[in-house]
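Trainee: What follows is a predicted protein model with its sequence.
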Amino acid sequence: MRRICDDIASGSPLTVTLQTYGVVSPSTFTMWLKKNPEYNDMYKEAQKHRENFLFDEMMRIAFSDSPKEIKKYRGGELVETIVKDSVDDRRLKINTLKWMLGKMNPAKYGEKVIVDDTTTSPITSIKFIDINAADDSTA
């Protein structure tokens with residue numbers, strides 16, 4: 001169980017980890033957690049560590065180069081190879097990780113929506129604000 005939790009804490013998906021260690025199915029793993037409170041505690045702790053790992057991974061992706069080779073051919077022959085940063089690839093990875101973190105821990109990583117029920121006019125738009133940012137009265 002310790003090795004399974006270590007892999008999960010390091011960002012490995014549950015199904016891949018269980019397959020690596022020969023666990024038949026996620027339902028078997030869930031049954032282990034229900035029957036053994038110590039395993040359940042270990043798994044919850046691994047999930048917390050996985051959130052931190054994925055957050056760090058998102059930061060690493062955002063600030064690293066993601067080189068992509070673009071090859072140009074003319075008449076079936078390679079004439080030029082360009083290596084450039086692939087911002088779109090990094091954006092996709094980061095957005096995926098943000099979505100995952102928001103689902104894993106919505107209170108910490110999810111988008112916050114503040115509803116003001118004191119207004120008498122109908123809602124015409126919704127504005128998302130960062131409640132952790134400094135107060136900006138010009139927004």
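Mentor: Thanks, I have it.
Trainee: C-alpha from now on. contacts and neighbour counts both.
Mentor: OK.
Trainee: Now do stretch 29-48: distance to the chain's middle.
Mentor: Offset of stretch 29-48 from its chain centre (Cα atoms, centre = their mean, to the nearest Å): 21 Å.
Trainee: With stretch 100-115 instead?
Mentor: That offset, for stretch 100-115, works out to 12 Å (Cα atoms, centre = their mean).
Trainee: Show me which residues of that stretch are buried.
Mentor: By 16 or more other Cα atoms under 10 Å, the buried positions in stretch 100-115 come out as 100-102, 104, 109.
Trainee: Regarding Thr28, what is its secondary structure?
Mentor: helix (DSSP: H, G, I helix; E, B strand; the rest coil).
Trainee: Can you report how many residues neighbour it?
Mentor: For Thr28, the count of nearby residues is 12 (other Cα atoms under 10 Å).
Trainee: Repeat that for Tyr43.
Mentor: Neighbours around Tyr43, by other Cα under 10 Å: 20.
Trainee: Flag the shaky bits of this structure, pLDDT-wise.
Mentor: 119, 121-126, 129-139 (pLDDT under 70).
Trainee: mind running it again at 50?
Mentor: Residue ranges of the chain with pLDDT under 50: 137-139.
Trainee: circling back to that earlier point, out of the buried residues of stretch 100-115, list just those in helices.
Mentor: The helices, defined by DSSP state H, take in 100-102, 104, 109 from the buried residues of stretch 100-115.
Trainee: Do a quick rundown of the strands in this protein.
Mentor: 67-74, 77-85 (DSSP state E).
Trainee: And the helices in this structure?
Mentor: Going by DSSP H, the chain shows helices at 2-9, 14-20, 26-35, 37-62, 87-104, 106-109.
Trainee: re earlier: quick one: which of the ones in helices among the buried residues of stretch 100-115 is nearest Pro37?
Mentor: Top of the list for closeness to Pro37, among those and by Cα to Cα, is Met104 at 20.8 Å.
Trainee: Give me the nearest residue to the closest one, chain neighbours excluded.
Mentor: Of all residues not flanking Met104 in the chain, Glu51 sits nearest, at 7.5 Å (Cα to Cα, 6 or more residues apart in numbering).
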